[in-house]
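Trainee: Let's see this in three dimensions:
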Amino acid sequence: MQQYTNPRFIYHGEQALDALKTLEGKRAFVCIGGGSLKRSGFYDVIEGNLKEAGFDICLFEGIESDPSVETVNAGAAAMAEFQPDWIIAIGGGSPIDAAKAMWVKYEHPDITFEQMTTPFGLPKMRTKARFCAVSTTSGTGTEVTAFAVITDYEKGIKYPMADFEITPDVAIVDPLLVSRLPTGLVAFTGMDALTHAIESYVSTAHSPYTDAMALHAIRMIQANLVQSYSGDQKARAAMHDAQNLAGQAFSSGLLGIVHSMAHKTGAAFEGGHIVHGCANAMYLPKVIRFNAGFGETADRFADIADVLGFGGPTRDDKVAHLIDWVRWLNDQMNIPQAIQSYGPKGKKVEAGQGIVPESEFKQKLPAIAANALGDACTGANPRPVDQRQMEKLLIACYYDLPVRF
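Mentor: Model (predicted):
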């Protein structure tokens, strides 16, 4: 038996933010990241809608990229003091993921971080509050998913939470909120959405329900991502919907080792973080090649190539065309193809000039590979993978080498 779970309500399209006026409750705990939401004036709209609905509001702001265990604990303590009946998380993946974890700690104060990150092991939620997610980027899909990622900076590891209990009750997908996104963020979040769709389509947990969402998301991304990067507002609105569909696909269809590798390399290096969506973009071509060498998985990738109109006389040709397209997208949006070319905040630099020195990569490689094998996303990857193979994949991603097994 499989499960397919989405938020009860998804409000999308122009003026979707008006849905906040329909929420019923008394106290709203609002979680946001930095000051951009306020500077844009969008926060004023959101706050006004909540006040029109009759809410008292407590604002928790300053949630960092790659939210930490410490931030989660601080937010949960503030929730316990304010006692909200609605949690409103606004932002990209980081504020919404952090708010999900805060929500768990608010509902269950004695739960440990280890228990929270045990896949599908959370206790029942919604005894104190319901959850509304408002997406301000077009990639994570977290406004509709059963997942969150929290970073333990002491250990240098990102931990994904996975449980249908943290699927939001309400998701709001308003194109107004992504109309001013920086181009780098458009690129990285767009490739994150593409990775969600592709990985969920080939995962061991895929189903006809998730397949439909994944394939249509991929079509929409092909039609709109580069145009959105170039500033086309119609394409940007379409990408906001596409990433939501991809989120619905992977929330129930799960992911694979592209995400396992991204989770475990993101905070592993002294020179700085590897932005999650950029990591996915760099690793996706290598993992497609690896997974396509196992059983009938290549047929699934060939399906994607057919949907994209690539064609080819053989299945292997179609897989090659798909890989070439992913790499082409990276080039079109100035995304590096390899870790050694990853500069600060994802800027593409000359090979060997990136934030991750070769010596540090080699020294940490065995531990990163082992951590990636233990990641929650590895279990749904269509091809089994061992320590040696994971190390070879990571080496290929560091140097942009051909994948051969």
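
Trainee: show me where this protein has helices.
Mentor: 36-39, 42-52, 69-82, 93-107, 113-116, 183-202, 208-229, 233-253, 257-265, 276-291, 297-307, 315-332, 358-373, 387-399 (DSSP state H).

Trainee: residue at max distance from the center of this protein?
Mentor: In the chain, residue 313 marks the outermost C-alpha relative to the chain mean, sitting 34.1 Å out by Cα atoms, centre = their mean.

Trainee: picking up where we left off before, wait, which of the helices of the chain is closest to residue 340?
Mentor: Residue 340 lies closest to helix 387-399 among the helices of the chain, at 5.6 Å (Cβ to Cβ). Quick note: C-beta positions are derived from backbone N, CA and C, even for glycine.

Trainee: Confidence-wise, which helix or strand of the chain is lowest on average?
Mentor: Using mean pLDDT, DSSP states H and E, the weakest-scoring helix or strand in the chain turns out to be strand 157-162, at a mean of 81.

Trainee: in that one, what counts as buried?
Mentor: Residues of strand 157-162 classed as buried: 157, 158, 159, 160, 161, 162 (neighbour count, 16 or more other Cβ atoms under 10 Å).

Trainee: Mean pLDDT, distance to residue 379 and mean neighbour count added to the helices of the chain, as CSV?
Mentor: Listed next are the helices of the chain as CSV, based on pLDDT from 0 to 100; distance: least, Cβ to Cβ, whole Å; neighbours: other Cβ atoms under 10 Å:
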stretch, mean pLDDT, distance to residue 379, mean neighbour count
helix 36-39, 91, 35, 15
helix 42-52, 97, 37, 17
helix 69-82, 97, 23, 18
helix 93-107, 96, 20, 27
helix 113-116, 88, 18, 15
helix 183-202, 98, 12, 27
helix 208-229, 98, 16, 20
helix 233-253, 97, 13, 25
helix 257-265, 96, 9, 28
helix 276-291, 98, 14, 26
helix 297-307, 97, 15, 19
helix 315-332, 97, 23, 18
helix 358-373, 97, 10, 16
helix 387-399, 98, 14, 19
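
Trainee: Of those helices, which is nearest residue 171?
Mentor: helix 233-253 (7.3 Å).

Trainee: That closest one - contacts with which helices or strands?
Mentor: In terms of contacts (3 or more Cβ pairs under 8 Å, 6 or more residues apart in numbering; DSSP states H and E), helix 233-253 is packed against strand 9-12, strand 130-135, strand 170-173, helix 183-202, helix 208-229.

Trainee: centroid residue for the protein?
Mentor: By Cα atoms, centre = their mean, the mean C-alpha position of the chain lies nearest to residue 140, the distance being 3.3 Å.

Trainee: Let me know the pLDDT of it.
Mentor: Looking at residue 140, its pLDDT stands at 92.

Trainee: And the one 10 residues further on, by the same measure?
Mentor: pLDDT for residue 150: 89.

Trainee: wait, what's in contact with residue 87?
Mentor: By Cβ atoms under 8 Å, 6 or more residues apart in numbering, the contact set of residue 87 is 28, 29, 31, 79, 99, 102, 103, 106, 129, 130, 131, 132.

Trainee: Please report how far the residue nearest to the centre of the chain lies from residue 316.
Mentor: 32 Å (Cβ to Cβ, to the nearest Å).

Trainee: repeat for residue 164
Mentor: Residue 164 is 37 Å from residue 316, by Cβ to Cβ.

Trainee: Over to residue 376?
Mentor: Distance from residue 376 to residue 316, by Cβ to Cβ: 31 Å.

Trainee: Also residue 388?
Mentor: Distance of residue 388 to residue 316, given as Cβ to Cβ: 24 Å.

Trainee: and what of residue 382?
Mentor: Per Cβ to Cβ, residue 382 is found 17 Å from residue 316.

Trainee: What separation is there between the residue farthest from the centre of the chain and residue 302?
Mentor: Look at residue 313 and residue 302: by Cβ to Cβ, they are 11 Å apart.

Trainee: And for residue 242?
Mentor: 22 Å.

Trainee: again, but for residue 380
Mentor: Taken as Cβ to Cβ, the span from residue 380 to residue 302 is 20 Å.

Trainee: likewise residue 180?
Mentor: Residue 180 is 38 Å from residue 302, where distance means Cβ to Cβ.

Trainee: now residue 245
Mentor: Distance, residue 245 to residue 302, using Cβ to Cβ: 21 Å.

Trainee: Same question for residue 85.
Mentor: 49 Å.

Trainee: What of residue 239?
Mentor: The value you get for residue 239 to residue 302, if Cβ to Cβ is used, is 25 Å.

Trainee: go on, residue 401?
Mentor: Residue 401 is 24 Å from residue 302, by Cβ to Cβ.

Trainee: ditto for residue 196
Mentor: Applying Cβ to Cβ to residue 196 and residue 302 gives a distance of 20 Å.

Trainee: same deal with residue 49?
Mentor: 46 Å.

Trainee: now do residue 264
Mentor: On the measure of Cβ to Cβ, residue 264 and residue 302 end up 29 Å apart.

Trainee: what do you get for residue 84?
Mentor: Residue 84 is 48 Å from residue 302, by Cβ to Cβ.

Trainee: Off-centre distance for the least confident helix or strand of the chain?
Mentor: Centroid separation between strand 157-162 and its chain, computed with Cα atoms, centre = their mean, to the nearest Å, is 12 Å.

Trainee: Ok, stretch 196-211 next?
Mentor: Relative to the centre of its chain, stretch 196-211 is centred 15 Å away, using Cα atoms, centre = their mean.
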